[in-house]
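1. quick one, structure for this:
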Amino acid sequence: MDLEKGPAREQEPAARRTAAGAQQAPEGCLVVAVRIPVRIAVLVLVVPVRMVWDALVVGGRLLTDTVLRPAGRAVLWVGRAVLVWPCVALWRYVVVPLARLLGWLGYRLLVVPALWAYRYVLTPVGHALAWAAAGVGAGCGWVARGVLAGLLWSYRWTVVPVGRGIAWLLRHLLVVPAAWLYRYVLTPVGHAIAWVARGCVWLVRMIFTGLWLGVHWTLRVLLVLPVLALWRWVLAPVGRFLAVVGREIGEALGHAWRVAGRVSLAVGRFLANLFRWLLVEPTRWVYRTVLTPAGHFVRDVVWKPVAAVGRAVGRTTRQALATARETVRQARAGVRSALFGPPPEPKPVHRREPRAAEARTLGSSTTALTKD
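-> Numbering: from 1, shown residues only. Sure, this is the predicted structure:
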C-alpha cells in the first residue's frame, strides 16, 4: 500500500507548489525597490505608536477593573436605591391600590347604572320605536309602490313615443350630415395635412442629424481623443504607481503593526520580569523569611500570653462583680427586713385541677361539678 501511494504523495506537494506559483502574481523591480524602504520607515514610525497603544490598553484595563467597574456598580446601586426602589414602592403600595379603588368605584357608579338603564329603559324604548318604525315603513312602502306604478305607466305611454320621435329627427338632421362631412371633406383634408407634417418632420430630422454629426466629430477630435490619450499615457501609469505605493504602504503598516506588537510584548515581558525581580520577589522573600517568623514569634511569645492574662483578668473581674452584686442584694434585703419586717409568706392557692402526683381511684372524681 505504501509503494502504491508513494507517487501520489510525491505528486501532491508538486501540484500545491504549481497552484501557489500560479496564484502569486509576478512582481517587478519597482515593487521590490519600493517595498524595503517603505517597510523600514513604517516600522520605525509604528513601533513607538504600538508600544504607546499597548501601554494605554493595559492602563485602561487596570483602570476599568480597579476604578470604573466598582464605581459603576456603586452608581448603579445608588441609582436603584434612589430611583427604582421608591418608584416600585410607589407603584406597588400607592398606584395599584388607588387604581383598584377607582376601578371598583367606576364599576359601581358608572357601569352598573348604565347596564341597568340599558336593560330596563333603553331596550323597551328601542323595541317600541322599532315596532313603530316598522308600521310607518310598511305604510310608506305601500304608497311608494302606488306612485312607482303610476310613473311606469306614464313612461310607457308618453315618454317612449316622444323619445323615439326626437331620436329620428336628431339622426336625420345631425348625425347623417355630420358623417357625410367627416367622410368626404375632413378626411381628405386631414390626410393632406398629415403628409405635409411628415415631410416637415423629415426635413427637420435631416437638419438636426447633420448638425449632430458635425458637433459629435468636433467634440470627439477636440476633447475625447486628447482626454483618452491623457488617461492612457499619463493618468493610468501614475495611478498604477500610486496603487503599488499605497498597497505596499498598507502591507508595510500591517507587517510593522504585527512586528511592533511582538516588540511591545517582549518589552512588556521584560519590564514585568524586571518589576518582579526588583520588587515582587524581594518583597515576597522579606515576607516569607523575615515577617512571617517575626509574626509567629510575636504571636507565640507576646500575643498568646497577653491574651491568656487578659482572659484570666476578665474571669476574675466577672467573679468579683458577681460577688459584689450578691453582697449588695443581701444587704438591701437585710435593710428592708429591718425597716419593714419580713415579707409576708404567699398563701397557698386551692387549685381545682387534679395534681400530677395524685393517683386516680374509684372513689375520686376530677370533674368540676363533683369535686369538694
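2. residue 181 - how many residues pack around it?
-> Neighbour count for residue 181, taken as other C-beta atoms under 10 Å: 11. All C-beta spots, glycine's among them, are computed from the backbone N, C-alpha and C.
3. actually residue 165, not the one I wrote
-> Neighbour count of residue 165, defined by other C-beta under 10 Å: 9.
4. which residues sit against the strand or helix carrying it?
-> Following DSSP states H and E, one finds residue 165 within helix 160-170. Residues outside helix 160-170 that contact it (C-beta atoms under 8 Å, 6 or more residues apart in numbering): none.
5. now with 10 Å, please.
-> 155, 175-176 (C-beta atoms under 10 Å, 6 or more residues apart in numbering).
6. those residues in strands, which ones?
-> Applying DSSP state E to those, no entry is found in strands.
7. which of these sits closest to residue 92?
-> Distance to residue 92 across the contacts of helix 160-170 (C-beta to C-beta) is lowest for residue 155, with 78.7 Å.
8. check contacts around that closest one.
-> By C-beta under 10 Å, 6+ apart, the neighbours of residue 155 are residue 163.
9. pLDDT added to the contacts of helix 160-170, as JSON lines?
-> Formatted as JSON lines, the contacts of helix 160-170 follow (pLDDT from 0 to 100):
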{"residue": "155", "pLDDT": "71"}
{"residue": "175", "pLDDT": "82"}
{"residue": "176", "pLDDT": "80"}
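10. make JSON lines out of those and add distance to residue 299.
-> Formatted as JSON lines, the contacts of helix 160-170 follow (distance: C-beta to C-beta, whole Å):
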{"residue": "155", "distance to residue 299": "128"}
{"residue": "175", "distance to residue 299": "132"}
{"residue": "176", "distance to residue 299": "137"}
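11. now, which of those lie within helices?
-> residue 176 (DSSP state H).
12. host element of residue 152?
-> Judged by DSSP H and E, residue 152 forms part of helix 123-154.
13. and the residue nearest in space to the middle of the chain, what element?
-> Compute the mean C-alpha point of the chain, and by C-alpha atoms, centre = their mean the closest residue is residue 76, 18.7 Å away. Assigned by DSSP H and E, residue 76 belongs to helix 69-79.
14. beyond that helix, next helix or strand please.
-> Heading C-terminal from helix 69-79 (DSSP H and E), you reach helix 85-90.
15. residues near residue 211, how many?
-> When neighbours are counted by other C-beta under 10 Å, residue 211 registers 10.
16. next, it: secondary structure please.
-> In the three-state summary, residue 211 is assigned as helix, counting by DSSP: H, G, I helix; E, B strand; the rest coil.
17. does residue 197 sit in a helix or strand, and which one?
-> helix 187-219.
18. how about residue 321?
-> Residue 321 belongs to helix 304-340, assigned by DSSP H and E.
19. may I see the buried residues of the longest helix anywhere in the chain?
-> The longest helix of the chain (DSSP H) is helix 236-275. Buried residues in helix 236-275, defined by neighbour count with 16 or more other C-beta atoms under 10 Å: 244, 248-249, 252-253, 256-257, 259-261, 263-264.
20. same question for it, mean pLDDT?
-> Taken as a whole, helix 236-275 has an average pLDDT of 84.
21. for it, packing partners?
-> helix 29-63 (3 or more C-beta pairs under 10 Å, 6 or more residues apart in numbering; DSSP states H and E).
22. hang on, the earlier thing: using CSV, write out every CA atom in the helix holding residue 76.
-> Written as CSV, here are the backbone C-alpha positions of helix 69-79 (Å, rounded to 0.1, in the frame of the first residue of the first chain):
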residue,chain,number,x,y,z
ARG,A,69,-16.3,48.9,37.3
PRO,A,70,-16.6,49.3,41.2
ALA,A,71,-17.7,53.0,40.7
GLY,A,72,-20.3,51.9,38.1
ARG,A,73,-21.6,49.2,40.5
ALA,A,74,-21.8,51.8,43.3
VAL,A,75,-23.6,54.3,41.0
LEU,A,76,-25.9,51.6,39.8
TRP,A,77,-26.8,50.6,43.4
VAL,A,78,-27.3,54.2,44.4
GLY,A,79,-29.5,54.8,41.3
